[in-house]
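Chemist: The sequence and its predicted three-dimensional model are supplied below.
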Amino acid sequence: MFNKDSEIEINDSIVWLNNGILYAFSKNDEMNLMKLKNKLEKCKIMGSFKVSVINNKLLKTVSLGINNSIDARNQKAFVQQYYQPCGGIRQSVNGDRKYVHELYTIQYTDPLGYSTTELYLRIKLEYKGSKYWKPAGENRTININVSGIALYSQGATNISSPYSVVKNYTCSGDRDELLCYQAVNGSGASWQVSMSGTIYQIVNGDVTTNGWYNSGTLW
């Protein structure tokens, strides 16, 4: 922590914060700090930073109900070229596929009547049927490194739940990752969710250009 003079000791140095710039002095010069501070052009700069205010209204979020609510805005279609089953032989494949990353909610009620809503991140793969996109079963590499905040609201109740998911799969089908859950008391509840980070998918054995790095502010 900085003292009242915006100074902090780090090993054999005294670091001084001045207008967002960090200057370093030897502890042997402690008695002459005031003189040295008046000659900034001769001081050693070790870093700088900027503090800015974030307007929460500008943060990207998605609104979800507490049960059977889905947002699947993160999608990428591609033409698959090859597939290699886990432990199998690589083979040529030609077909329309689509990566889909979605948030969804489920509500459970136990025999005693207590309800819980759960928020999930689903990583999945689909293929183009004759009319509709359908679940695809190819094994693939999936890497997840995301974090964010889920705000549960119900009346005057607002509960903020930070979450983080870091998972790596080398031979996997679709993944459903639980982000957080909350007890439900009555009606009128909802989720506000924000997420950033990276989700990567590639079908086993396919060309590298068919992999997808879905990164940045996802929701």
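Modeler: That came through fine. Numbering: from 1, shown residues only.

Chemist: And the strands in the chain?
Modeler: With strands called from DSSP state E, the chain shows them at 7-10, 13-18, 21-26, 44-48, 62-64, 70-83, 91-109, 115-128, 133-135, 140-154, 157-172, 175-184, 189-203, 212-217.

Chemist: Need the CA coordinates for the third one. CSV is fine.
Modeler: Translated: strand 21-26. The C-alpha coordinates for strand 21-26 follow below in CSV (Å, rounded to 0.1, in the frame of the first residue of the first chain):
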residue,chain,number,x,y,z
ILE,A,21,3.7,7.5,-13.5
LEU,A,22,5.8,5.2,-11.3
TYR,A,23,9.3,6.4,-10.5
ALA,A,24,11.9,4.2,-8.8
PHE,A,25,14.7,5.4,-6.4
SER,A,26,17.3,3.5,-4.5
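
Chemist: mean confidence for it?
Modeler: Averaging pLDDT along strand 21-26 yields 77.

Chemist: what's the least confident helix or strand in this protein, going by average pLDDT?
Modeler: Ranking every helix and strand in the chain by mean pLDDT, DSSP states H and E puts strand 44-48 at the bottom, with a mean of 66.

Chemist: Now residue 138: closest residue in space that isn't a chain neighbour?
Modeler: Nearest non-adjacent residue to residue 138, counting by CB to CB, 6 or more residues apart in numbering: residue 203, 4.8 Å away. All C-beta atoms are positioned from the backbone trio N, CA, C, and that covers glycine.

Chemist: That concludes my questions; thank you for your assistance.
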